[in-house]
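Q: the amino acid sequence is not available; the structure is as follows:
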């Protein structure tokens, strides 16, 4: 086996270098990347084909040759049947070649046959625990969850795969990255809009960043910024998207920055106006607070503490629905009985559940005072977020379960 490793060692290193280029080179023009991959893959194939025929006669040698040829051909983002054919030959000649099964799964995934791809990954894993295979399985399962009836269960399986990968190498950034992606996906597909899933995702991404090899992964920065956006850590989100855009201009990170800036400009501007509307809203909010459940203490916006406010409620009137460019959350401008306004962000409900003029009772609200500067512009406003349907009364009534929605937002990933 050592002799064969020597025979194929140079070609194997050329294939590894090719994939390193794929994962770290992000020119402004994506066509430049394809051209460079083509050039390098041609060189790697020439190197592989220069091996004398007598050195690839045994089934093991032929399997390694077919595997490396298929792997080199599959470096491109689109499906290549020639790559699949070579990889299929490799696993027939040597079924114990785990990386050939992994490459075959990735290749088949590109043509949309997810079930067969999963079968390949599972066969690869049967050869022995491997963090890379577990991470690919985790990613594939998140993809398979989209549109399925048992989304939450499939995503939970994806989380467990990533956790197992971490147990094999706690310092591996890619395994932590996979866990972060799985937790971020879970945040959306479960319908619970559980704040803790975002925090788990953020922690996983932060652990991934400790691995120097992950510094070249623009999707890590993009996805971490996405988590910060939904945690309403606006400054960190802007910095993260900007970093992602610098690493890979092909991502839509610049557009994400502009969306957040547009939203912040709108929220800050609206928070400062509406004087006449505030007076009317204050009167209505004061009356509604009189009918509050005694389990909750009614307080005004200015007495809320940063973070989660247990056993308290804020009553306010909806002045405006704030239109913006993202799918979630829904934003409203709400005014309490003291004529104090805040931005309300609501997750997991249909956009017709709350209307302008409605009286809202916000139970155990999560509060933060947004105060930061970006590119010379200062943003200051009060913000309340509501994660669960049960935290909200509209005109004194609980919302029906049919008004809950799930939003299809997934972590960036590439097979």
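A: Great, that's in hand. From a predicted model like this one, the values you see are computed outputs, not experimental measurements.

Q: which secondary structure elements does the host helix or strand of residue 23 contact?
A: Using DSSP states H and E, the element containing residue 23 is helix 2-24. Applying 3 or more Cβ pairs under 8 Å, 6 or more residues apart in numbering; DSSP states H and E, one finds that helix 2-24 contacts helix 30-49, helix 59-73. (Each C-beta comes from the backbone N, C-alpha and C, glycine too.)

Q: distance from the chain centre to the helix or strand following the last one, please.
A: Right, the one you point to is helix 59-73. Downstream of helix 59-73, the next assigned helix or strand under DSSP H and E is helix 81-93. Relative to its chain's centre, helix 81-93 lies at 32 Å (Cα atoms, centre = their mean, to the nearest Å).

Q: all further residue positions should be reported with the first residue as 51.
A: OK, 51 is where the count begins now, so the last one is helix 131-143.

Q: against which helices or strands is the helix or strand following helix 131-143 packed?
A: Reading on from helix 131-143 to the C-terminus, the next helix or strand found by DSSP H and E is helix 148-160. Under the contact definition 3+ Cβ pairs under 8 Å, 6+ apart, helix 148-160 sits against helix 109-123, helix 131-143, helix 164-175, helix 181-195.

Q: those helices: which one's closest to residue 362?
A: Of all the helices and strands packed on helix 148-160, helix 181-195 sits nearest to residue 362, with 36.5 Å by Cβ to Cβ.

Q: list the buried ones in the helix or strand following the closest one?
A: Where DSSP H and E defines the elements, the next helix or strand beyond helix 181-195 is helix 201-218. Neighbour-count burial for helix 201-218, counted by 16 or more other Cβ atoms under 10 Å, picks out 201, 204-209, 211-216.

Q: among the residues you listed, which one has the lowest pLDDT?
A: pLDDT across the buried residues of helix 201-218 is lowest for residue 201, at 88.

Q: so that residue sits against residue 236, correct?
A: No: assessed by Cβ atoms under 8 Å, residue 201 is found out of contact with residue 236, at 9.2 Å.

Q: just to revisit the earlier point, please identify the most buried of the helices and strands packed on helix 52-74.
A: Using mean count of other Cβ atoms under 10 Å, the stretch among the helices and strands packed on helix 52-74 with the largest mean neighbour count is helix 109-123, at a mean of 22.

Q: what lies in contact with that one?
A: 54, 57-58, 61-62, 64-65, 68, 91, 94-95, 98, 101, 105-106, 130, 132-141, 143-144, 147, 149-150, 153-154, 157 (Cβ atoms under 8 Å, 6 or more residues apart in numbering).

Q: got a quick ChimeraX command for the buried subset of those residues?
A: Selection of buried members from the contacts of helix 109-123 for ChimeraX, criterion 16+ other Cβ under 10 Å:
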select :57,58,61,62,64,65,68,91,94,95,98,101,106,130,133,134,136,137,138,139,140,141,143,144,147,149,150,153,154,157
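
Q: nearest to residue 441, of the helices and strands packed on helix 52-74?
A: For those, proximity to residue 441 was assessed by Cβ to Cβ; helix 80-99 is nearest, at 43.7 Å.

Q: how far off centre is the closest one?
A: The answer for helix 80-99 is 30 Å, by Cα atoms, centre = their mean.

Q: check which helices and strands that helix sits against.
A: helix 52-74, helix 109-123.

Q: mean confidence for the longest one?
A: By that I understand helix 52-74. Mean per-residue pLDDT for helix 52-74: 84.

Q: what do you get for the shortest one?
A: Per-residue pLDDT over helix 109-123 has a mean of 96.

Q: any low-confidence regions in this structure?
A: The chain contains residues with pLDDT under 70 at 51-57, 240-243, 324-341, 456-465.

Q: let's go with 50 and repeat that
A: In the predicted model of the chain, residues 51-53, 460-465 satisfy pLDDT under 50.

Q: helix/strand/coil for residue 383?
A: Here residue 383 is strand, with the state taken from DSSP: H, G, I helix; E, B strand; the rest coil.

Q: could you report the neighbour count for residue 406?
A: For residue 406, the neighbour count with other Cβ atoms under 10 Å is 12.

Q: ok, now which ones touch it?
A: 368-371.

Q: quick check, nearest of those residues to residue 409?
A: Nearest member of the contacts of residue 406 to residue 409, counting by Cβ to Cβ, is residue 368, at 7.8 Å.

Q: okay, now residue 172: neighbour count?
A: 13.

Q: got a list of what the closest residue to it other than its chain neighbours touches?
A: Spatial nearest neighbour of residue 172, chain neighbours left out: residue 187 (7.4 Å); criterion: Cβ to Cβ, 6 or more residues apart in numbering. Contact analysis of residue 187 by Cβ under 8 Å, 6+ apart lists 168, 171-172, 175, 208, 211.

Q: from these, pick the one nearest residue 308.
A: Nearest to residue 308 among the contacts of residue 187, with distances taken as Cβ to Cβ, is residue 208, at 31.1 Å.

Q: quick one: the closest residue to residue 130 other than its chain neighbours from residue 190, how far?
A: Of all residues not flanking residue 130 in the chain, residue 123 sits nearest, at 5.3 Å (Cβ to Cβ, 6+ apart). Distance from residue 123 to residue 190, counting by Cβ to Cβ, to the nearest Å: 21 Å.

Q: over to residue 364?
A: From residue 364 to residue 190 the distance is 44 Å (Cβ to Cβ).

Q: these two: which is more packed in?
A: residue 364 (28 against 24).

Q: quick one on the thing from earlier: would JSON lines of the helices and strands packed on helix 148-160 with distance to residue 224 be doable?
A: Listed next are the helices and strands packed on helix 148-160 as JSON lines, based on distance: least, Cβ to Cβ, whole Å:
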{"stretch": "helix 109-123", "distance to residue 224": "18"}
{"stretch": "helix 131-143", "distance to residue 224": "22"}
{"stretch": "helix 164-175", "distance to residue 224": "15"}
{"stretch": "helix 181-195", "distance to residue 224": "6"}
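
Q: out of these, which is closest to residue 443?
A: Closest among the helices and strands packed on helix 148-160, using Cβ to Cβ: helix 181-195, at 32.5 Å.
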